[in-house]
Structures are given as C-alpha cells and as structure tokens.
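**Q** Everything below, folded, please.
(one chain, ligands or ions: 1)
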Amino acid sequence: MGFTQEPLVIYWWNARPTTPNTMHLYIYRQVEECLGIEGDWDGLLWYVSDFILRADFVRLAGLWVTDPRRIMLAEDKVNDPSVVSHEIIHDLTNGKASEGDPVFERCEIKPL
Ligand SMILES: [Zn+2]
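**A** This next block holds a predicted model:
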C-alpha cells in the first residue's frame, strides 16, 4: 500500500533566540567528526520555545529548519545531548537525512 506523507504543521510557543553553550559546540564538533562533514557553526541560529507541538499532538523535543538555518529546542530539552545531537545531524546533513536514517543511530549521542 502506498501513501503520501503529508507535511505536518508544527506549533511552538514563546520562541526566543538563545546563545548555544559550550556543550552545544562540543556536540556539534563530535557530530561533525562522526559524519565526516564540516558544518557552519557560526551560521546556525539557536532558539528555545516553551514547547513544540505537532498538529497530530505529538510533542517534539526539537526542530531543525532552514531559511535561516536554525535549531529550536523545547525548554526542558535545551541541554539534552541526544536531542541536541539529533538536531545537529539534521543541520550537518542539510535536512537530507530523514527520520530513521542509520546516521541517527550511528552519530546521535546516547548517554548511558
Ligand atoms: Zn528529527
């Protein structure tokens, strides 16, 4: 059975720009090394939101979008290495790695 995946609307509340901390930079460099891709750290914007919700009511921990390139994190996930590394993979692959791509399994940071 074939089906078309509809793009889902995503809502967020109280988005504001934020300054990434040294952990975000450290994870960015780790994921660059894992992927073998050199990214543009300085061109990436960071936002934090009270929360992020998909139109089907799935709560998201983070989001990567282009124009301009930015990572938005839910407030309670700002310093979660697995969420941060996941969104950085989207950035470094320029959105080409879709959910479930093996690169996530390989390069996401999963604390023990
Ligand atoms: Zn994702």
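
**Q** could you pull out the strands for this protein?
**A** Here the chain has its strands, by DSSP state E, at 10-13, 16-18, 45-49, 51-54, 59-60, 62-65, 70-74.

**Q** Point out the most buried one among these.
**A** For those, the largest average neighbour count (mean count of other Cβ atoms under 10 Å) is found in strand 70-74, namely a mean of 22. (C-beta placed from N, C-alpha, C; glycine too.)

**Q** hmm, who's touching that one?
**A** 12, 15, 18, 44-52, 59-65, 83-84, 87-88, 90-91 (Cβ atoms under 8 Å, 6 or more residues apart in numbering).

**Q** Parallel or antiparallel, list what pairs with that strand.
**A** Here strand 70-74 has these sheet partners by DSSP bridges: strand 45-49 (parallel), strand 62-65 (antiparallel).

**Q** Send me it as CSV with only the CA atoms.
**A** Extracted C-alpha coordinates of strand 70-74, given in CSV (Å, rounded to 0.1, in the frame of the first residue of the first chain):
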residue,chain,number,x,y,z
ARG,A,70,18.1,27.2,13.0
ILE,A,71,17.7,24.7,15.7
MET,A,72,14.8,25.2,18.0
LEU,A,73,14.7,23.3,21.3
ALA,A,74,11.9,22.8,23.8
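
**Q** how about TSV for the strands paired with strand 70-74, with mean pLDDT and distance to residue 106 added?
**A** Formatted as TSV, the strands paired with strand 70-74 follow (pLDDT from 0 to 100; distance: least, Cβ to Cβ, whole Å):
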stretch	mean pLDDT	distance to residue 106
strand 45-49	98	24
strand 62-65	94	18
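
**Q** Of those, give the one that comes closest to residue 75.
**A** In terms of Cβ to Cβ, the element of the strands paired with strand 70-74 nearest to residue 75 is strand 45-49, at 5.6 Å.
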